[in-house]
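# output the structure for:
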Amino acid sequence: MEQQLLDFSSDDALAGFRLHTLEIFNWGTFHKQVWRLDLDSRNSLLTGDIGSGKSTLVDAVTTLLVPAHRVAYNKAAGADTKERSLRSYVMGYYKSERSTTGHAAKSVSLRDHNSFSVILGVFKNTGYLQEVTLAQVC
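Next up, the predicted model:
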């Protein structure tokens with residue numbers, strides 16, 4: 001049986017579709033401007049202090065790639081599944097405050113219920129000179 005070769009670039013180091021650029025607007029605590037992460041289709045290491053937004057960025061990419069009914073937010077941090085939701089990201093919840101009676105905690109948000117979030121990911125397949133853009137408006 002004859003093997004067929006695919007016409008691919010001579011360097012397969014960047015084979016397949018890879019995240020080239022991620023842009024977010026009003027997603028979690030990334031507020032009031034377009035935040036851009038340029039990965040240039042390369043492997044990257046996401047580091048930072050606790051609460052700096054690492055899981056928030058991972059959840060943004062997850063929102064682009066996983067059907068809404070299958071998304072498990074904050075999975076990267078190993079948190080309780082009820083801790084974060086699509087609504088908490090759109091509203092920009094960033095802390096909880098105790099009521100004056102001290103019995104109930106209320107989430108504090110950066111945005112109101114009329115707000116929206118945008119996530120945009122550009123994925124490139126360098127070997128085949130292909131590009132696809134995925135966007136989610138929440």
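
# count of neighbours near the closest residue in space to residue 71 that isn't next to it in sequence?
Closest residue to residue 71 apart from its sequence neighbours, by C-beta to C-beta, 6 or more residues apart in numbering: residue 62 at 5.8 Å. To be clear about C-beta, it is placed using only N, CA and C from the backbone, and glycine gets the same treatment. Residues within reach of residue 62, counting by other C-beta atoms under 10 Å, total 18.

# are we agreed that residue 62 is in a helix?
Yes: counting by DSSP: H, G, I helix; E, B strand; the rest coil, residue 62 is found in a helix.

# for it, give me its contacts.
Residue 62 makes contacts with 71, 73, 75, as judged by C-beta atoms under 8 Å, 6 or more residues apart in numbering.

# and what of residue 40?
Counting by C-beta under 8 Å, 6+ apart, residue 40 makes contact with residue 20.

# check the secondary structure at it for me.
Per three-state DSSP, the secondary structure class of residue 40 is coil.

# list phi and psi for it.
Backbone torsions for residue 40, taken as degrees, to the nearest 10, come to phi 50, psi 30.

# tell me the pLDDT of residue 103.
On pLDDT, residue 103 comes in at 72.

# over to residue 124?
Residue 124 carries a pLDDT value of 95.

# number of residues surrounding the closest residue to it other than its chain neighbours?
The shortest distance from residue 124 to any residue other than its chain neighbours is 4.4 Å, reached at residue 20 (C-beta to C-beta, 6+ apart). Other residues near residue 20 number 21, with proximity taken as other C-beta under 10 Å.

# in space, not sequence, find me the middle residue of the protein.
The residue lying closest to the centre of the chain (C-alpha atoms, centre = their mean) is residue 60, at 1.6 Å.

# isn't that one right up against residue 22?
Yes: in this structure, residue 60 is within contact of residue 22 by C-beta atoms under 8 Å, at 6.7 Å.

# now do the shared contacts for the two.
Both residue 60 and residue 22 are contacted by residue 119, under the criterion C-beta under 8 Å, 6+ apart.

# low-confidence ranges, this protein, go.
1-13, 76-82, 102 (pLDDT under 70).
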